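Q: Let's see this in three dimensions:
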Amino acid sequence: SLPPSSAPPDRLDRAAAIPDIRAMSREPLHPRTSYRHWQQIQTRWSDNDVYGHVNNTIHYQWFDTVVNAWLIAQGLIGGLPGEPIGLVVETGCRYARPLSFPETVEVGLALDRLGESSVTYRLGVFAKGCDEAAAQGHFTHVCVDPDSRRPMPLPSAWREAIGQLA
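A: Numbers count the residues shown, from 1 in each chain. From the prediction side, this is the model:
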């Protein structure tokens, strides 16, 4: 048995090891005005988790939906044989405030970086009509040959269309 002054290892004060996130300095999330394309998405009952808010994994589904819907609308992807494809190589998200069902969210899309064979999109998630972002993410596509799956330069049509998001 342990002496009264010694806590078992699984009972140590874990709160002392958790940083105070209010003291951390972070770059503010981008405002609505920094996005060039918008898409509304209706939350679903199944989006909520046990804590009563949209689960973080749902944000990634929204990012995928918004980016690919925009690419399809621009005529850049359509599944035709031989056309280049964009493979996702990186995603990330910062969360600022909860969203929940039933709620309409507005997801903004902008260009963050355009490389030789890659493009990184910035996405902002906002509650409908709200000026402050609930979340901000990024999504990077690498343009690859559909057969070899090796990186290839972004086609000029892609560059021209994606440039509209800057």
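
Q: which sections of the protein are below the confidence cut-off?
A: Applying pLDDT under 70 to the chain flags residues 1-24, 79.

Q: By residue count, what's the longest helix in this protein?
A: Secondary structure assigned by DSSP state H gives helix 56-73 as the longest helix of the chain.

Q: can you list contacts of that helix?
A: 37, 39, 41, 43, 47, 77-78, 86, 88, 91, 93, 95, 105, 107, 109, 121, 123, 125, 135, 137, 139, 141 (CB atoms under 8 Å, 6 or more residues apart in numbering). The C-beta positions use only the backbone N, C-alpha and C, and glycine is treated the same way.

Q: Which of the residues you listed are buried? Put it as a PyMOL command.
A: In PyMOL, this line selects whichever of those come out buried by 16 or more other CB atoms under 10 Å:
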select buried, resi 37+39+41+43+47+77+86+91+93+95+105+107+109+121+123+125+135+137+139+141
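
Q: Can you flag which of the contacts of helix 56-73 belong to helices?
A: Within the contacts of helix 56-73, membership in helices is found for no residue, as judged by DSSP H.

Q: what bridges to the most centrally placed residue in the chain?
A: Per CA atoms, centre = their mean, the C-alpha nearest to the average position across the chain is that of Gly137, at 3.3 Å. Per DSSP bridges, residues listed as beta-bridge partners of Gly137: Cys93, Leu123.

Q: check contacts around it.
A: Residues counted as contacts of Gly137 (CB under 8 Å, 6+ apart) are 59-60, 63, 91-94, 122-123, 125.
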